[in-house]
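> What shape does this take:
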Amino acid sequence: MMEMVVNGRFLCRPTLGVDRVARELVAALLARRDAPALRALHPEAEAWDVPAALSATAVPGPGSGALWEQAALARATEGRWCLSLCNTGPLALRRQVVMLHDAQAWDAAESYRPAFRRWYRWLQPRLARRAALVLTVSQHSRARLERHGVVPEGHAQVIPNGADHILRTDADPRILERHDLQRRGFFLTLGAQARHKNLALAIDAHRLSPERLPLVIAGGGGSVFAGHETPDPPGVLRIGRVSDAELRALYEHAAGFLMPSRTEGFGLPALEAMLCGCPVLASTGGALPETCGEAAVLLDPDAPEAWSRKMTRLLRAPSHAAALSEAGRAHARRYTWAASAERLARHLAALPS
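Sure thing, here's the model as predicted:
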């Protein structure tokens, strides 16, 4: 059986974004009978068995960054295959499977610090040419990575995200009580501050809405730039980071979920919302049309008036909202981590031992 080292750098960080994908993919891969023998290497421990590493609390340390990944991890693999699922990996390794989630360092350059942008733009094309197998998460991401010369044409294989993790945790409705939120009495969006997330659009659409239900912004962080320089108008409620249980409760009780990003490599929150029965209004940017299909209302990311009208329709036409909710559930059920791990297992099985 192939022995594979999991690049465990993501185990030192909160489970957000690409780190969520890494945890869920590895856990789903472990559940398969045909999984390779996996061993996690982690900046805060010499060697952890993978199940223990996945269940551990993230404890970032001073040695958990790029230097550890490029030097210590590269040495510790000792000729075994390395599985790097979070956009970076040891450049020295050829026996490596690397997942590049998007081309945001090129497509959304203004969202990132110059040093970060330069590092990704230098590392990722070289990594993609040295690694034996390159993965990405959508046809859109593959096309953009090819367009920018990061990945040779036809070289990357697509493994979509799953969304069923959101149903593993019971909803915690206390988040609604703490913020005096009523069932179907608010709209929800996520508050990553990167400019390409286009949070300003959601705020402007809320301001234009005649209904004036609260706009709840959950989460936050993720960029240098807020992208909305003026103070929030009345009715915008920023509640900060929330747990998975709290997020599920918000999805289940919101009148609609807004995802106005100008570009996305995949757009996982849209599927999470759908799986919880929340109608989704999503941008036509990036991979969102591919991910959402016909199960969301797709809108121009530069047209707040159109978003406001659709928000009003969700409130005034309950049958429309119910149909969108039902279509979303059916669509999102197709995206499971087990199905993603099956695709990954097939690619790993084709690698030379």
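> before we move on, which element is L41 in?
strand 37-42 (DSSP states H and E).
> Kindly tell me how buried H179 is, as a neighbour count.
Neighbourhood size, H179 [other C-beta atoms under 10 Å]: 13. All C-beta atoms are positioned from the backbone trio N, CA, C, and that covers glycine.
> domain ranges for the protein?
3-162+336-349, 165-332 (automatic domain parsing).
> Switch the ones you listed over to JSON lines; also include mean pLDDT.
Listed next are the domains of the chain as JSON lines, based on pLDDT from 0 to 100:
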{"stretch": "domain 3-162+336-349", "mean pLDDT": "88"}
{"stretch": "domain 165-332", "mean pLDDT": "93"}
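> and V134, bridged to which residues?
Beta-bridge pairing of V134 under DSSP bridges involves V98, A156.
> Spit out the contact partners of it.
Applying C-beta atoms under 8 Å, 6 or more residues apart in numbering, one finds that V134 lies in contact with V97, V98, M99, L100, A128, V151, H155, A156, Q157.
> now, among those, which is nearest to P14?
M99 (18.8 Å; C-beta to C-beta).
> rewinding a little: could you list every helix and strand that the strand holding L41 packs against?
In terms of contacts (3 or more C-beta pairs under 8 Å, 6 or more residues apart in numbering; DSSP states H and E), strand 37-42 is packed against strand 3-7, helix 18-30, strand 45-49, helix 50-55.
> Partner strands of it and their direction?
Strand 37-42 is paired, per DSSP bridges, with strand 3-7 (parallel), strand 45-49 (antiparallel).
> buried set for the first one?
Spelled out, it's strand 3-7. M4, V5, V6, N7 (16 or more other C-beta atoms under 10 Å).
> Wait, the last one touches R80, no?
Meaning N7. No. When contacts are counted by C-beta atoms under 8 Å, N7 is not listed as touching R80 (11.7 Å).
> what touches both of the two?
Common neighbours of N7 and R80 are not found (criterion: C-beta under 8 Å, 6+ apart).
> Can I take it that T291 is in a strand?
No. Under DSSP: H, G, I helix; E, B strand; the rest coil, T291 sits outside any strand and is assigned helix.
> List the contacts of it.
T291 neighbours (C-beta under 8 Å, 6+ apart): S138, P160, E264, F266, G267, L268, A270, L271.
> from these, which is closest to P301?
The shortest approach to P301 among the contacts of T291 belongs to E264, at 10.6 Å (C-beta to C-beta).
> ok, the closest one to A31 distance?
Going from E264 to A31 by C-beta to C-beta, to the nearest Å gives 28 Å.
> repeat for D232
43 Å.
> Who has more neighbours out of the two?
When D232 is set against A31 and neighbours are counted by other C-beta under 10 Å, the residue ahead is D232, at 14 against 11.
> The closest residue to the more buried one other than its chain neighbours: helix or strand, and which one exactly?
Nearest residue to D232 in three dimensions, chain neighbours excluded: I203, at 6.4 Å (C-beta to C-beta, 6 or more residues apart in numbering). Using DSSP H and E, I203 maps to helix 199-208.
> Can you show me the CA trace of that helix as PDB?
In PDB, the C-alpha atoms belonging to helix 199-208 read as follows (Å, rounded to 0.1, in the frame of the first residue of the first chain):
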ATOM      1  CA  LEU A 199     -19.300  43.000   0.900                       C
ATOM      2  CA  ALA A 200     -20.100  46.600  -0.100                       C
ATOM      3  CA  LEU A 201     -22.600  45.300  -2.600                       C
ATOM      4  CA  ALA A 202     -24.600  43.500   0.100                       C
ATOM      5  CA  ILE A 203     -24.600  46.600   2.300                       C
ATOM      6  CA  ASP A 204     -25.700  48.800  -0.600                       C
ATOM      7  CA  ALA A 205     -28.500  46.300  -1.600                       C
ATOM      8  CA  HIS A 206     -29.700  46.300   2.000                       C
ATOM      9  CA  ARG A 207     -29.700  50.100   2.200                       C
ATOM     10  CA  LEU A 208     -31.900  50.200  -1.000                       C
END
